[in-house]
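Engineer: Give me the fold of what follows.
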Amino acid sequence: MILREVDIASAESVILLELRDMTNLGDIVLEKGWALYGTLIPDRPAQPGRTGSKPFPRNTPLWRSPQDDIGAVAFDPTTLPGQKSPPQGVANFQVKVNLWFAPANTNCFIHNQHDFIEIHSQITGHGRMQKFRAQDYSTLYHDELMSPGYTTAVPFCDVAGPGRYVYPWHQYYADDDCIWMAVEYHPTG
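Structural biologist: Okay, here's the model as predicted:
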């Protein structure tokens, strides 16, 4: 959602992002704490059947901001849109957010593993959240277009049990130079 010149009368929490200068958008990665994603993930061999046979290409032009803890929430994750599992009861989650940047025409890597629930909000540029049948670009079957202000309404994962989230093969693709925000719900307790 994009708002201008409004007052928010009441809210449990709000994330406010202000875009001050759209010139040289990629300079955001020079801010403190930003890192090329390939330098943040540990070296380990791919695990066929679990993370696919292809390891993350370290030279992918994908940057991540520092991650912020923004609070705690409690809800039954089976009540999220798109879920088919029977109710499991209320669970506690720590909410974390971070920003990402990728230049135009970047594939941000097909993967299917997260130990949290995530949604994405497009901040600048145009991108896509994509789903695949395998860790192969030719198997694309879902292409969710994202423009500034858009937030994915349905998480990509299926809640398989307490703290168990099954993701399809998916990736973010940047059509333009893009900044997006990942909102992650990490189970606690």
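Engineer: Return the set of buried residues in the worst-scoring helix or strand of the chain on mean pLDDT.
Structural biologist: Of all helical and strand segments in the chain, the minimum by mean pLDDT, DSSP states H and E falls on strand 158-161, at a mean of 90. Using 16 or more other CB atoms under 10 Å as the test for burial, strand 158-161 gives Asp158, Val159. Placement of C-beta: from N, CA and C, glycine included.
Engineer: for stretch 181-188, same thing?
Structural biologist: By neighbour count on 16+ other CB under 10 Å, the buried set for stretch 181-188 is Met181, Ala182, Val183, Glu184, Tyr185, His186, Pro187.
Engineer: For the host helix or strand of the fifth one, which helices and strands make contact with it?
Structural biologist: Meaning Tyr185. Assigned by DSSP states H and E, Tyr185 belongs to strand 178-188. Packing partners of strand 178-188 (3 or more CB pairs under 8 Å, 6 or more residues apart in numbering; DSSP states H and E): strand 91-102, strand 117-124.
Engineer: what about those strands, which gets the closest to Ile41?
Structural biologist: Among those, the nearest to Ile41 by CB to CB is strand 91-102 (13.7 Å).
Engineer: elements contacting the closest one?
Structural biologist: For strand 91-102, the packing partners by 3+ CB pairs under 8 Å, 6+ apart are strand 63-64, strand 68-75, strand 169-174, strand 178-188.
Engineer: Throw these into JSON lines and include distance to Ala153, thanks.
Structural biologist: Formatted as JSON lines, these follow (distance: least, CB to CB, whole Å):
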{"stretch": "strand 63-64", "distance to Ala153": "23"}
{"stretch": "strand 68-75", "distance to Ala153": "15"}
{"stretch": "strand 169-174", "distance to Ala153": "15"}
{"stretch": "strand 178-188", "distance to Ala153": "12"}
